[in-house]
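# following is a predicted model, sequence given first.
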Amino acid sequence: MCERLSEIDLGLVQTVAEMVGGDIPKEAKRPNHGKKMKGISQMEYMPKTPTIATRRVAIIIADGYDPIAYHGIKTALLTAKALPFTIGPRRNPIYADGEDKGTGSGVTPDHHLEGLRSTMFDSVFIPGGAKSIETLRKNGRALHWVREAFGHLKAIGATGEAVAFVRDACQLPGITVSSAGEVVDSYGVVTSTKIAPESFKEALQMAKNAKDFVSAYFYAISQHKNWQREMEGLNAMVAY
């Protein structure tokens, strides 16, 4: 393999050989011509107008979740023609904050945390709710979902109490999160500690540095992956 790579790029084959224990060549078999093949990079297929149509988004909840954020983001995703999936710690109904298990209907998850991986989705969103986040903090698989999504460069959204959960799950220097209700996009991790029904009713304008949560989060999803994490080595710093 290294012999073949030496015909492509010297720096590439030296890096690969060092990692796999092969002989490290001192010179290339042929000089790199510096040309680039069209149609190979994913960046060549980015739409001119940001869109999240057909993107699969996992919404992770547990009992006591924030119904405003959950229903708000789900409706916004459907309106943008994305595909939301509810993920819970079990397949039986999950009940919102203030909803009585005895009389409430709850939300039946599409999948449970143990039955699917974050790799099957384009993004992960976690709504707040003190009780819900308390449960997720004690669930190693929920932590794994967040860390794995981060490691795979996927957009992550969090509101309310979930902001601190995502921050603690990643625990990386340089990643900043919302602290006073403002919307923060840090390496594709979009957070806001305060959310209200009107937060999901504003005119959606997917754009870089958007001020409202939905627009900022959807823009992060539309970029497919956050390559800056990889460029700065952040994805390699998260254990998953």
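That came in fine, so what should we check first? Numbers count the residues shown, from 1 in each chain.

# any stretches of this structure with poor pLDDT?
Applying pLDDT under 70 to the chain flags residues 202-203.

# tell me where it has helices.
2-5, 10-20, 67-79, 130-137, 140-151, 162-170, 213-222, 227-231 (DSSP state H).

# quick one, which of those is packed in tightest?
helix 213-222 (a mean of 26; mean count of other Cβ atoms under 10 Å). In this view, the C-beta of every residue, glycine as well, is placed from N, C-alpha and C.

# which residues are contacting it?
Identification of contacts with helix 213-222 by Cβ atoms under 8 Å, 6 or more residues apart in numbering yields 47, 50-52, 55, 57, 73, 76, 80, 82, 122-123, 125, 155, 157, 159, 183, 185, 188, 190, 192, 195, 199-200, 202, 204-210, 226.

# and the helices of the chain: which comes nearest Val177?
helix 162-170 (4.7 Å; Cβ to Cβ).

# in PyMOL, select just the buried ones from the contacts of helix 213-222.
Buried members of these, defined by 16 or more other Cβ atoms under 10 Å, are picked up in PyMOL with:
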select buried, resi 50+52+55+57+73+76+80+82+122+123+125+155+157+159+183+185+188+190+192+195+199+200+204+206+210+226
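
# of the contacts of helix 213-222, which belong to strands?
Residues from the contacts of helix 213-222 lying in strands, with DSSP state E as the criterion: Val57, Ser123, Phe125, Ala155, Gly157, Thr159, Asp185, Val190, Ser192.

# reformat those residues as a markdown table; add distance to Arg141.
Converted to a markdown table, those look like this (distance: Cβ to Cβ, whole Å):
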| residue | distance to Arg141 |
| --- | --- |
| Val57 | 18 |
| Ser123 | 18 |
| Phe125 | 17 |
| Ala155 | 20 |
| Gly157 | 19 |
| Thr159 | 21 |
| Asp185 | 26 |
| Val190 | 23 |
| Ser192 | 25 |
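
# of those residues, just say which sits nearest to Gly174.
Asp185 (13.3 Å).

# ok so, going back, need the helices of the chain in CSV (columns: distance to Arg91).
CSV is the format used below for those (distance: least, Cβ to Cβ, whole Å):
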stretch, distance to Arg91
helix 2-5, 46
helix 10-20, 41
helix 67-79, 17
helix 130-137, 15
helix 140-151, 14
helix 162-170, 21
helix 213-222, 26
helix 227-231, 32
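
# out of those, which comes closest to Glu114?
helix 140-151 (5.8 Å).
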